[in-house]
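Chemist: Give the three-dimensional model of this entry:
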Amino acid sequence: MTIDYDSFSRASTAIHLAQGAALFVLGAAEAYSHDNPGSRAVLAGPLALLAAALAIPLIMLGVAGNWNMDQLRAALDIRRGFYLFIAFACLFGAAGMSRLTQAVIKKAGGGWQAAFLFFLAGAGVLYFLLAWRVNEEAWHQVFAWHSAMGATLLLAVAVKAAHVFSGRRLLHAAWGVLLLVTAVQLMSYRETPAAFGLRMVTFQTAPDLPGPITK
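Modeler: Predicted structure coming up:
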């Protein structure tokens, strides 16, 4: 069984793109549905989150695993940091289901809205952890990008929570804009090959020491 280390970078880039597309649709749907209450456009956001949750494991299986479960299992054993993407899939799926349920029952606020924001915040926190799952030489680049993603998404959640309590229109607009900013960050991200590539370790032996001097 051959592991293609470049496939990890390709899979990571595709997963970021799927997440970004979902948040872009969510941001656009949230903005449109607020100005057009009763519109079915509100369903587009949670459905996009559910689609991303489904796409993430499929991308992992198709790109990193070459559509082979045994190869995917071997790939995950080598790069355990990819398990974070499974956590992302769970959080995006849970957020999508919570928002979809809230939209179907047509109830503003409440437990489903709180659950939706909680799972989105969880995804925001996970972005900060990704830098500790890549090779050391790519740490700074990955940390800078994902800190921006995580901070923007967490700020979006905080703004939406403030909107729930205050009802101010400006806060809802800011919520949509911050979701779109996070989406653009994710969709423009390209994983560096150094992040998950094969690491070469060189061992250098000590120079030969002169033997003892005998008289």
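
Chemist: can you list the residues that contact the helix or strand encompassing residue 76?
Modeler: In the assignment (DSSP states H and E), residue 76 maps to helix 69-78. Contact with helix 69-78 is made by 1, 3, 7, 8, 60, 61, 64, 65, 82, 83, as judged by C-beta atoms under 8 Å, 6 or more residues apart in numbering. (Each C-beta comes from the backbone N, C-alpha and C, glycine too.)

Chemist: Top of the residues you listed by number of neighbours, please.
Modeler: When neighbours are counted by other C-beta atoms under 10 Å, residue 64 leads the contacts of helix 69-78 with 28 neighbours.

Chemist: Next up, the contacts around that residue.
Modeler: Residue 64 touches 7, 8, 11, 71, 72, 75, 76, 82, counting by C-beta under 8 Å, 6+ apart.

Chemist: What's the separation between it and residue 31?
Modeler: The gap separating residue 64 from residue 31 is 35 Å, by C-beta to C-beta, to the nearest Å.

Chemist: the longest helix in the protein is where?
Modeler: helix 6-35 (DSSP state H).

Chemist: which is the next helix or strand following that helix?
Modeler: helix 44-59.

Chemist: From the contact counts, what lies against that next one?
Modeler: Under the contact criterion of 3 or more C-beta pairs under 8 Å, 6 or more residues apart in numbering; DSSP states H and E, helix 44-59 touches helix 6-35, helix 83-105.
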